[in-house]
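Undergrad: Can you look at this prediction? I've put the sequence above it.
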Amino acid sequence: MSKDVNRITITGNLGAEVDARFTGNGRIVSNFSVAVNQSYRNSDGDIVKAVEWFRVVAWDKLGEICNEYLGTGSRVYIEGRLQQRKYTAKDGSERIAVEIIASEMTILSAPPEPKSEPVAAPAVEKPSLKGTMVPKKRSAE
């Protein structure tokens with residue numbers, strides 16, 4: 001039996017600041033969008049430039065690191081899996097969101113200064129991860 005694969009890798013630039021929150025049980029989740037630039041030749045031979053936007057979700061330690069070290073314009077490498085979820089929009093219509101659930105992130109540009117006010121956890125104090133990086137998982141060869 002074959003093993004299914006759900007894996008995506010992108011490089012691009014953040015389009016806005018990271019939006020970080022704590023869930024009801026104290027887990028941090030960071031959301032941000034990454035613009036991936038592409039170019040191709042059309043049938044007339046002209047170069048056409050296009051931008052694809054990807055929503056990225058990072059949980060726990062990776063989410064905290066993204067919130068602290070990423071900002072608008074940061075160039076990043078993101079690796080993760082695609083996930084679809086249904087939600088009800090403000091107008092009552094059913095919608096589907098496709099997101100990258102990040103498992104790894106590497107900053108490809110000089111990071112901005114760390115944010116002076118980290119996201120405050122409700123009730124439970126979270127340890128600081130300032131200066132730590134999430135190690136890449138090594139595959140068995």
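TA: Right, received. Where do you want to start? Residues are numbered from 1 along each chain as shown.
Undergrad: burial measure for the closest residue in space to Ile28 that isn't next to it in sequence, as a count.
TA: Taking CB to CB, 6 or more residues apart in numbering, and ignoring the residues beside it in sequence, Ile28 has Gly63 as its nearest neighbour in space, at 4.6 Å. C-betas here are computed from N, CA, C, even on glycine. In terms of burial, Gly63 registers 24 neighbours under the definition other CB atoms under 10 Å.
Undergrad: Tell me which helix or strand Gly63 sits in.
TA: Counting by DSSP states H and E, the secondary-structure element that holds Gly63 is helix 60-69.
Undergrad: What residues of that helix count as buried?
TA: Of all the residues in helix 60-69, those buried under the rule 16 or more other CB atoms under 10 Å are 62-69.
Undergrad: Tell me how far Ala89 lies from Val34.
TA: Distance, Ala89 to Val34, using CB to CB, to the nearest Å: 23 Å.
Undergrad: Same question for Ser103.
TA: Separation of Ser103 from Val34 (CB to CB): 15 Å.
Undergrad: Equivalent analysis for Glu104, please.
TA: Noted for Glu104: a distance of 14 Å to Val34, by CB to CB.
Undergrad: the more surrounded of the two?
TA: Relative neighbour count places Val34 above the other of Glu104 and Val34, with 23 against 15, counting by other CB under 10 Å.
Undergrad: Surely the more buried one and Trp53 touch.
TA: Yes: counting by CB atoms under 8 Å, Val34 sits close enough to Trp53 to count as a contact (7.3 Å).
Undergrad: what residues are shared contacts of these two?
TA: With CB atoms under 8 Å, 6 or more residues apart in numbering applied, the overlap between the contact sets of Val34 and Trp53 consists of Gly15.
Undergrad: Spell out, range by range, the strands that occur in the chain.
TA: For the chain, the strands identified by DSSP state E occupy 8-14, 19-22, 28-41, 47-59, 75-88, 94-107, in order along the chain.
Undergrad: Adjacent strands (with direction) for the last one?
TA: With DSSP bridges as the criterion, the sheet partners recorded for strand 94-107 are strand 47-59 (parallel), strand 75-88 (antiparallel).
Undergrad: So for Asp4, which of these sits nearest?
TA: strand 75-88 (10.8 Å; CB to CB).
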